[in-house]
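> could you work out the structure for the sequence below:
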Amino acid sequence: MKLGEIAEKLNCTVEGDEDLEITGVAGIEEAHAGELTFLVNRKYRSALETTRASAILLAPGEARPRMAALRSANPYLDFARAIELFHPAPHYAPSVHPTAVIAGSAKIGVGAHIGPFCFVDEDVEIGSHAVLHSFVSIYRGARIGDNFFAHAHACVREGCRLGHRVLLQNGVVVGSDGFGFAREASGHWHKMRQAGIAVIGDDVEIQTHAAIDRATVGETQIGRGTKIDNLVQVGHSCKVGEDTLLCGQAGLAGSTNVGNRCILAGQVGTAGHLTIGDGATISSQSGVPADVPPGAIYSGYPAMDNLAWRKSVAVFNRLPELQRELRELREEVARLRGA
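As a prediction, this is how the structure comes out:
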C-alpha cells in the first residue's frame, strides 16, 4: 500500500515520498524496511537513529528523522488504525455448526456464525451478525445485542443483558454467582441466592478469564465503552461507568461504584461499598479502603493522594537512617539532662 493511500485513510499529512510502498507495521525497534512505525514515548527517541522503518507516524512539532513521515494529532491511535489496514479482523461466514445445540425458543438474528459445541438455551435473544466461536454457552433468558463476538469458552449466564458490539475473549464469564454467604449460628455458611443479573453496555470488551458477577438482587452494571483486562474480578452489585479501564488482576469487592473515564491499573483492589469518582486514576497494586474523589490520582496501601504517597515512600526508604538519628538524639538529650 502506498504511503499516500495510508495517509488518506488515516487523515494524516505526508512528509516525503507519497509513492513509497509500505508492506506492514511494526514497533520502532523491530521495524524493517518497508514498514511503518510510530513515536509517542520519548524514551524511544534514540531508536530513531537505528530503526530500519521506512516511514513513521509523528505528532505535530516532532522533529522529522531521516525517513518519510505521517503527521498525526494522535500517532498512537493512528498506528492502531494502521494495524487494521494490514491485519483486518477474520471474517466468519453465517453458519451453524452441526454440533451446536440451540433451543427451539431461542431467537438469533441474521448473519450469525455459531461454531462447534456452542449451546444457546431457552428464551435467549441474540441480535444480528453474532459470532459464537466454539464451546460458547449462553444461558436461558439472556438478551444480547447486535455484532456480539464471543471467543471459545466464554459464557453468558441466565437473564443477563448485553448491548451492541460486545466482545468477550476466551473464558470470560458474565453473570457468575456473586460471592455471598450468611453465617449460621452453627458457624456454617449459608449461600445467598444470587437473584440479580449483570448488565453490559455497548462497545464493552472483556478480556481473557475475567469474571463479572451477577448481583445478589438488582444489577451489576458495566457502562458503555469500558474495557476490562485479563483476570479482573467485578463483584456482585458493582457499578462501573463509561469508558473506564480495569487493568489486569484488578478486583472490585461487592457494591463498588466506579465512575466514568477512570483507570484502575494492574492489581488494584477495592473494599466494597465505596465510590471512585469520575476521572480518577488508581496506580498499580494500590488498595482502596474508602471513597476516592473525582479526578484524583491515588497510590499505595492504604491508597492516598499520589503526591502524599510519594513523599511517604521517600520517608519510608530512610526509616533506618531516621531511627538511628532519633536514637542518637535521645542519647544526647539524656546526656545533657544528666549533666
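> CA atoms for contacts and neighbours, from now on please.
Will do.
> neighbours of the residue nearest to Ser128 when sequence neighbours are not counted, how many?
In space, and not counting its chain neighbours, Ser128 is closest to Gly109: 4.0 Å by Cα to Cα, 6 or more residues apart in numbering. By the measure other Cα atoms under 10 Å, the count of residues near Gly109 is 14.
> kindly report the same for Ser95.
12.
> so what sits opposite it in the bridge?
Taking DSSP bridges as the rule, Ser95 bridges to His113.
> dump the residue contacts of it.
Gly111, Ala112, His113, Ile114, Gly115 (Cα atoms under 8 Å, 6 or more residues apart in numbering).
> what stretches of the stretch 201-339 of the chain score poorly on pLDDT?
339 (pLDDT under 70).
> all helices of it, in order?
Taking DSSP state H, counting those that start in this stretch as the criterion, the stretch 201-339 of the chain carries its helices at 306-317, 319-338.
> most packed of those helices?
Comparing the helices of the stretch 201-339 of the chain by mean neighbour count (mean count of other Cα atoms under 10 Å), helix 306-317 ranks first with a mean of 13.
> pop the domain breakdown of this protein in here.
3-86, 95-307, 308-338 (automatic domain parsing).
> highest mean neighbour count out of those domains?
When the domains of the chain are compared using mean count of other Cα under 10 Å, domain 95-307 is most buried, at a mean of 21.
> so Ala26 makes contact with Thr37?
Yes: applying Cα atoms under 8 Å, one finds Ala26 in contact with Thr37, separated by 5.4 Å.
> which residues are in contact with each of those two?
Contacts common to Ala26 and Thr37, judged by Cα under 8 Å, 6+ apart, are absent.
> redo the helices of the stretch 201-339 of the chain as a markdown table? Include distance to Gly241.
Listed next are these as a markdown table, based on distance: least, Cα to Cα, whole Å:
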| stretch | distance to Gly241 |
| --- | --- |
| helix 306-317 | 22 |
| helix 319-338 | 40 |
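> nearest to Arg81, of those?
helix 306-317 (33.4 Å; Cα to Cα).
> now that closest one: how far from the chain's centre is it?
How far helix 306-317 lies from its chain's middle: 28 Å, per Cα atoms, centre = their mean, to the nearest Å.
> the inter-axis angle of it versus helix 319-338?
70 degrees (axes from the mean of the first three to the mean of the last three Cα atoms, to 10 degrees).
> can you measure across stretch 243-262, start residue to end residue?
7 Å (Cα to Cα, to the nearest Å).
> hmm, back to that, pull the contacting residues for the residue nearest to Ser128.
Ile126, Gly127, Ser128, His129, Ala130, Asp146.
> ok, 7 Å please
Going by Cα atoms under 7 Å, 6 or more residues apart in numbering, Gly109 touches Ile126, Gly127, Ser128, His129.
> what's the pLDDT at it?
Model confidence at Gly109, given as pLDDT, is 97.
> please apply the same query to the one 4 residues further on.
His113 is assigned a pLDDT of 98 by the prediction.
> for the closest residue to Asp17 other than its chain neighbours, grab phi and psi.
Nearest residue to Asp17 in three dimensions, chain neighbours excluded: Ala68, at 6.4 Å (Cα to Cα, 6+ apart). In terms of degrees, to the nearest 10, the main-chain angles of Ala68 are phi -60, psi 150.
> Ala68 touches Asp19, doesn't it?
No: in this structure, Ala68 is not within contact of Asp19 by Cα atoms under 7 Å, at 10.5 Å.
> what do these two both touch?
Common neighbours of Ala68 and Asp19 are not found (criterion: Cα under 7 Å, 6+ apart).
> re the thing from before, farthest pair in the contacts of Ser95?
Gly111 and Gly115 (12.9 Å).
> torsion angles phi and psi at Ser176?
The phi/psi pair for Ser176 (degrees, to the nearest 10) is phi -60, psi 160.
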